[in-house]
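**Q** need a structure here:
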Amino acid sequence: MDEILEVCVEVTGIPHALAGIIRDCLEINWGAFGTKSRRLKGHTGAVYSVAWSRDGRLLASASEDGTVRVFDSELEFKTIVVLRHPLAVNAVAWSPDGRVLASGGDDKIVRLFDVGKNFEIMHRLSGHQRVVRSVSWSPDGTFLAAGGKEEAIKIWDVKECFELERTIEASSSSFWSIAWSPCGGVLASGSWDGDSIKLWSSRQRRRPSELRGHNNIVCSVAWSHALHFVASGSCDAVRIWEVNPEMTPAGTLGFTGSPVTVERVASRGHMGVVWAISWAEDDSALAVASSDRTVTILDARPPCSKEDAWDLPVHKHLHGHRGVIRSVAWTPACAKTRRLCSAGDEREVIVWEN
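**A** Numbers count the residues shown, from 1 in each chain. All right, here's what the predicted structure looks like:
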């Protein structure tokens, strides 16, 4: 039997030095954010996934209509390429260096497109038995993790041989969302089993540790960029978990702190399923996309003192969608302009900025 990853029982405080750095960052005028927006058209089906390139110039969107569209922000968000698939495309993600675009969908194939060669297909990763719903790059761009309706996450070597590196088996879960930790040692997953986020070792064959607290399917998971927090969205709440993602020599995975929860009640502006979440590039804000047709921006900065409550106040509600919102993404740290994009059932992508 596989060894279970150990869970540390010692509770420690939030890394206050880093918290102070984030609180000292330039304040965003949230009252003005989102007053400028534009709608990107072209898809003829629901848009399931959006992702910015590393420099924030290109925006990719994956759709039920079987296409990935790439928009160029320096050309007034003109569509510069349409990548056609035989069936719906559920997930899209840029490599860390921005040179490769990965997509996965209902045809069970993960495609890799070479950005520098006009997005020609450089490889097809075949081996999934069912629909692919999520793809995530390792921080160094060496591996790509993909998961979906089959009860497994497949990790592909996309640097050297383009072959399957390993398979993470899950006995009773299909995967809705997967995310690679910034340290590269851990994969977080949200799935249909209802009430937990699983943390898997990306290097060793061990049973996962679990973060329990949700009461329904976990539709979205996302790692913060610097502070070792995992955010998760479900039908009942948005939660932030403080974890230690570094793998020790013994292969154990430690946890610190307790989940910080924002219950999705009327006072928080969400009454539907949270389909997607995204951390701002400095981890100061969390964008939440919901079936209530609203994007909510939460103040995700941890308190400077461990005695202070971390209540995730609302910065802003962004209204404008006419259908369920399936995906949301902030521009990366290298982008010239801070933007937020969101998309869903109405077949359009909305780009929000000041």
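
**Q** Next secondary structure after the helix or strand hosting Leu298?
**A** Per DSSP states H and E: Leu298 is located in strand 294-299. Counting by DSSP H and E, the next helix or strand C-terminal to strand 294-299 is strand 314-319.

**Q** hmm, back to that, measure how the strand holding Leu298 sits relative to strand 314-319, angle-wise.
**A** Put simply, strand 294-299 runs at 160 degrees to strand 314-319, going by axes from the mean of the first three to the mean of the last three C-alpha atoms, to 10 degrees.

**Q** Any buried residues in strand 294-299, and which?
**A** For strand 294-299, a neighbour-count test (16 or more other C-beta atoms under 10 Å) marks 294-298 as buried. C-beta coordinates here come from the backbone N, C-alpha and C atoms, glycine included.

**Q** likewise stretch 169-184?
**A** 170, 173-181, 184.

**Q** First-to-last residue distance for it?
**A** Stretch 169-184 stretches 19 Å from its first residue to its last (C-alpha to C-alpha, to the nearest Å).

**Q** can you give me the helices in this structure?
**A** Under the criterion DSSP state H, helices of the chain are mapped to 16-23.

**Q** Just checking: the least confident one among the buried residues of stretch 169-184 is which?
**A** Least confident of those in the model: Ser173, at 70.

**Q** rewinding a little: now the buried residues of strand 294-299 in CSV, with pLDDT and distance to Glu120?
**A** Below are these laid out as CSV (pLDDT from 0 to 100; distance: C-beta to C-beta, whole Å):
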residue, pLDDT, distance to Glu120
Thr294, 92, 39
Val295, 94, 34
Thr296, 92, 39
Ile297, 93, 37
Leu298, 91, 40
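
**Q** Next, give me the two most distant ones among the buried residues of stretch 169-184.
**A** Ser174 and Gly184 (24.4 Å; C-beta to C-beta).

**Q** what are the bridge partners for Leu211, then?
**A** The partner list for Leu211 in beta bridges (DSSP bridges) reads Ile197.

**Q** Is it in contact with Ser234, as I believe?
**A** No - Leu211 lies out of contact with Ser234 (C-beta atoms under 8 Å); the separation is 11.6 Å.

**Q** Quick check: neighbours shared by those two?
**A** Residues touching both Leu211 and Ser234 (C-beta atoms under 8 Å, 6 or more residues apart in numbering): there are none.

**Q** Now do the same contact list for Val218.
**A** Contacts of Val218 (C-beta under 8 Å, 6+ apart): 176-177, 190-191, 194-197, 232-234.

**Q** swap the cut-off to 10 Å and go again
**A** By C-beta atoms under 10 Å, 6 or more residues apart in numbering, the residues touching Val218 are 173, 175-177, 188-198, 211, 232-236, 239, 274.

**Q** Which residue, other than its chain neighbours, is closest to it?
**A** Leaving aside its chain neighbours, Val218 sits nearest to Gly190 (3.1 Å; criterion: C-beta to C-beta, 6 or more residues apart in numbering).

**Q** got it, and Ser177?
**A** Among residues not flanking Ser177 along the chain, Gly190 sits closest, at 4.3 Å (C-beta to C-beta, 6+ apart).

**Q** and the one you found, bridged to which residues?
**A** Legend: beta-bridge partners of Gly190 under DSSP bridges are Ser177, Ile197.

**Q** burial count for it?
**A** Around Gly190 there are 26 other residues, counting by other C-beta atoms under 10 Å.

**Q** are any of the contacts of Val218 buried, and which?
**A** For the contacts of Val218, buried by 16+ other C-beta under 10 Å: 173, 175-177, 188-191, 193, 196-198, 211, 232-236, 239, 274.

**Q** Quick check: the residue nearest to Val218 touching Ser220?
**A** Yes - the pair Gly190 and Ser220 passes the contact test of C-beta atoms under 10 Å, sitting 6.1 Å apart.

**Q** how far does stretch 344-351 stretch from start to finish?
**A** Note: stretch 344-351 ends 13 Å apart using C-alpha to C-alpha.

**Q** Could I get the CA-only coordinates of the strand holding Leu298 as PDB?
**A** C-alpha atoms of strand 294-299 as PDB (Å, rounded to 0.1, in the frame of the first residue of the first chain):
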ATOM      1  CA  THR A 294     -20.800  38.300 -11.500                       C
ATOM      2  CA  VAL A 295     -17.000  38.500 -11.100                       C
ATOM      3  CA  THR A 296     -16.200  39.400  -7.500                       C
ATOM      4  CA  ILE A 297     -12.700  40.700  -6.600                       C
ATOM      5  CA  LEU A 298     -11.800  39.900  -3.000                       C
ATOM      6  CA  ASP A 299      -9.000  41.500  -0.900                       C
END
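
**Q** Need the overlap of contacts for Gly190 and Ser220.
**A** 134, 176-177, 179, 232-234.

**Q** Adding distance to Ser284, write the residues you listed out as CSV.
**A** Converted to CSV, the shared contacts of Gly190 and Ser220 look like this (distance: C-beta to C-beta, whole Å):
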residue, distance to Ser284
Ser134, 25
Trp176, 26
Ser177, 22
Ala179, 19
Ser232, 19
Gly233, 18
Ser234, 23
